[in-house]
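Provided below are the primary sequence and the corresponding predicted coordinates.
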Amino acid sequence: MTDAPSYLSPTGQEIVFLLLGAVAVGAALLVVTTRQLVHAALWLVVTFGALAGCYLVLTAEFVAWVQVLIYVGAIVVLLLFGIMLTRAPIGRSADLDSGNRPAAALVALATAAVLVTVVVDGFRTAYAPLRAGGGSAGEIGSSVFRNWVLPFEALSVLLLAALIGAIVLSRTDIRGRG
Amino acid sequence: MRTTLLAAADPTLADFGHDPLWISIIKAVVIFIVLMLGVLFGVWFERKLISRMQNRYGPNRAGKFGLLQSVADGLKMGLKEDLMPRTVDKVIYFIAPVVLAVPAFLAFSVVPMGPKVSMFGVETPLQLTDLPVAVLLVLAMASVGVYGIVLAGWGSRSPYAMLGGLRASAQVVSYEIAMGLSFVGVFLYAGTLSTSEIVGAQAGGNEIFGVPMPSWYMITLFPSFVIYVITMLGETNRVPFDLPEGEGELVGGFQTEYSNSLKFAVIMLAEYVNVFVVSAMSITLFMGGWRAPWPISLWDGANSGWWPLLWFFAKMVLVFAFFIWCRASLPRVRYDQLMALGWKILIPVNLAWILLIATAKAFRLTGTDRTLVYALGIVVLVGCALIWWRFDSVMQRRKEEREAQVQAEFEELGAEPAAGGFPVPPLDLPHYHGVARKEVSSGSN
């Protein structure tokens, strides 16, 4: 940790990072405000893409491409698959707004406020200079499997349980007990 | 006892990122042009070769040997009216072919095509760029390309196109998992995800008792290679996994509404570039990349200068010919067969194989606690056997139950043909079991 340089002379990296952040937030707003269901999913792709760009600017190459591979390439495709399998509307749908709009906005603002205060409070003027290769596959692998093995294994068990749960829920030939 | 015969000309990651801008531009433009020409002549080559396999001539009117057939087709598509169906989602209908094509071209930027050469006085590797995670980039680009198909299918607003898009999304997502897993073996052995270093890692094999062992991963990691070959057919929607197009049942699948205009040409272009990308990946990861195959590699100059471009190109032609061979000889699989193959065979086999090579790798590390590895191996094996035994006995029981049910039904219907509510003929009529004599004797007409 070194002293932070002045905010008034941002480097090119910082400008790109801020722009990508703006793209991510703007696209995320469009996800919840657009009246076309499939377009909402596509704006979600833009959000995830901008997030991957942020990781890339922070030299976390591995995480960035995995973000594209998993979130853009698999999760939103599955969302689209689900939408298309059910009704796949083209054009505007009138019934996309729910009555919970004010409550949702409140919750979103509160969450954002909590996150921002925690981050600002936690790091304040701390400044970590970026170095190339800091987010490479090797570094991430050794830190996950040396320092964070237990959380990693707990997460894998959680995902496995979710997977098995999904299979059990979707199969009609497995009877419930009682 | 590893002999890495790395020459000074072999590029490593450190060699990238130093090119002057104009060299990068030249490389990018050349790759783009070569891919475009590759598609033009690839289409011609495919049509010609498949014709020969089907005992006919194929295109032979436009130009010598029909070489200009694709050029003529392209011109025709460019001159056709560009239809925009009335009810489509206009933006998405328009950008879908672009989304399909751009990632395909981008993925080719990390394909190594040769060692360092002198290009206009600048020492530079024959590869546009390389990343520490280059192979992941290719996978990510392939997964972005799916959007082109899904959006083309959805935006067309037509049932056939929609079905094609649905099939494509499920198929590509499933096969991408198996494809990613088949790379894991290569990563474990090469110790890197960068394409140029993976090629470098296949340079020299181990020597066992003085006999050099083969160094290509297609031999040392044969199961990974076989799985990759299957998934590369599935990932590019080629026969026998071309269900998203399925012209037999879905007209043209996701591209039905793209009548023969330039948009269709872009879709076609993207499909062929995708085929080239997965072929190049199979060469890079499993067939030694641009390195010369064995008899040629005895010649010292084989892996230096511009020669490797030739080996790379020859391998590309061979892999592409394999694609055509498959198309000429295999029928299209059913959709449930496709999914069962992907999820129930390729992924479990792949995981077991990864476990096996990881164990083998663990033994080679110095300072490994061998008893621990043995104990873990025995636990895993016994566990697998127990799970298999349990599934097998349950399956056996279900099968017997089903057979008993069918038998009971058969007896019931035999006694009383109308028992199920439908009047059916008795189930033991003689011709169900084959009749002793032919009902129409041969030569009666």
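Cool, got the structure.

which residue is nearest the centroid of chain A?
residue A:48 (6.1 Å; CA atoms, centre = their mean).

what packs against the strand or helix carrying residue B:146?
Taking DSSP states H and E as the criterion, residue B:146 maps to helix B:134-155. Contact analysis of helix B:134-155 by 3 or more CB pairs under 8 Å, 6 or more residues apart in numbering or on different chains; DSSP states H and E lists helix A:37-57, helix A:61-67, helix A:76-86, helix B:90-107, helix B:159-190, helix B:195-201, helix B:262-286 as its packing neighbours. (Each C-beta comes from the backbone N, C-alpha and C, glycine too.)

next, the angle from that helix to helix B:90-107.
160 degrees (axes from the mean of the first three to the mean of the last three CA atoms, to 10 degrees).

report the inter-axis angle for helix B:134-155 versus helix A:76-86.
Using the same axes, to 10 degrees: helix B:134-155 against helix A:76-86 is 20 degrees.

using CSV, write out every CA atom in helix B:134-155.
The C-alpha atoms that make up helix B:134-155 are tabulated as CSV, following Å, rounded to 0.1, in the frame of the first residue of the first chain:
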residue,chain,number,x,y,z
ALA,B,134,-5.5,-17.4,-24.5
VAL,B,135,-7.4,-20.7,-24.6
LEU,B,136,-10.0,-19.2,-22.3
LEU,B,137,-10.4,-16.4,-24.8
VAL,B,138,-11.2,-18.8,-27.5
LEU,B,139,-13.8,-20.6,-25.3
ALA,B,140,-15.3,-17.2,-24.3
MET,B,141,-15.6,-16.1,-27.9
ALA,B,142,-17.3,-19.3,-28.9
SER,B,143,-19.8,-18.8,-26.1
VAL,B,144,-20.5,-15.2,-27.2
GLY,B,145,-21.0,-16.5,-30.7
VAL,B,146,-24.0,-18.5,-29.5
TYR,B,147,-25.9,-15.3,-29.1
GLY,B,148,-25.8,-14.8,-32.9
ILE,B,149,-27.7,-18.1,-33.3
VAL,B,150,-30.1,-17.6,-30.4
LEU,B,151,-30.9,-14.0,-31.5
ALA,B,152,-31.3,-14.9,-35.1
GLY,B,153,-33.7,-17.6,-34.1
TRP,B,154,-35.7,-15.4,-31.7
GLY,B,155,-35.6,-12.2,-33.7
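
for the record, mean pLDDT for that helix?
For helix B:134-155, mean pLDDT is 86.

quick one: it to chain centroid distance?
14 Å (CA atoms, centre = their mean, to the nearest Å).

picking that back up, among the helices and strands packed on helix B:134-155, which is nearest residue A:106?
helix A:37-57 (21.0 Å; CB to CB).

in that closest one, which residues are buried?
Across helix A:37-57, burial judged by 16 or more other CB atoms under 10 Å in any protein chain shown covers A:37-57.

ok, and does it reach over to chain B?
Yes: for helix A:37-57, a contact with chain B is found by CB under 8 Å from any CB of the partner chain, at A:38, A:42, A:45.

is it correct that the first one is in contact with residue B:154?
Which is residue A:38. Yes: under the criterion of CB atoms under 8 Å, residue A:38 makes contact with residue B:154 at 6.2 Å.

flag every residue of chain A that's near chain B.
A:38, A:42, A:45, A:61-62, A:65-66, A:68-69, A:72-74, A:77-78, A:80-81, A:84-85, A:88, A:90-91, A:133, A:136-138.

which among these end up buried?
By 16+ other CB under 10 Å, the residues of chain A next to chain B give A:38, A:42, A:45, A:61-62, A:65-66, A:68-69, A:72-74, A:77, A:80-81, A:84, A:88, A:90, A:136-137 as buried.

any idea how far residue B:311 lies from chain A?
29 Å (CB to the nearest CB, to the nearest Å).

within the helices and strands, which one has the nearest residue to that residue once chain neighbours are set aside?
Spatially, and ignoring its direct neighbours in sequence, residue B:311 is nearest to residue B:292 (4.9 Å; CB to CB, 6 or more residues apart in numbering or on different chains). Assigned by DSSP H and E, residue B:292 belongs to no helix or strand.
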